[in-house]
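# Sequence first, then the predicted structure, then my questions.
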Amino acid sequence: VQLVESGGGLVQAGGSLRLSCVVSGRTFSSYTMGWFRRAPGKEREFVAGISWTGITYYEDSGKGRFTISRDYAKNTLYLQMDSLKPEDTAVYYCAGRSGSAIVRATASYDYWGQGTQVTVSS
């Protein structure tokens, strides 16, 4: 299974970006997927997750601003990010796990993408 993110970039505070993660392999529909991020000097942290049934969960930092979704036909995971803040600046990673539950622990995910940089200027 391979995960390839795209969609990062430089945006002003208050702007929007949509991240994409294309998943190769035939198990995307049965995987729980998540978005994580790592800011400079910080640990990688959970941002949002979506189960194979479409249940979603968001970390407080992104609630009301971020929307996670998945397109089974395209084997693609998305993260729509609105009202971006400078503190959202980080490398964003998509990840997949074979379990059915959405979990926040990085160690629970089996597959990871290479990351895409998001920079929000003030």
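Yes, it's here.
# Could you pull up the contacting residues of the nearest residue to L84 once chain neighbours are set aside?
Nearest in space to L84, with sequence neighbours left out and distances taken as C-beta to C-beta, 6 or more residues apart in numbering, is V120 at 4.6 Å. Every residue, glycine included, has its C-beta placed from N, CA and C. Neighbour list for V120: 10-13, 15, 84-89 [criterion: C-beta atoms under 8 Å, 6 or more residues apart in numbering].
# Quick one: those residues as a markdown table, columns for neighbour count too.
Below are the contacts of V120 laid out as a markdown table (neighbours: other C-beta atoms under 10 Å):
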| residue | neighbour count |
| --- | --- |
| L10 | 12 |
| V11 | 17 |
| Q12 | 10 |
| A13 | 13 |
| G15 | 14 |
| L84 | 21 |
| K85 | 13 |
| P86 | 11 |
| E87 | 11 |
| D88 | 22 |
| T89 | 18 |
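# A90 and A39 touch, don't they?
Yes: counting by C-beta atoms under 8 Å, a contact exists between A90 and A39, whose distance comes to 4.2 Å.
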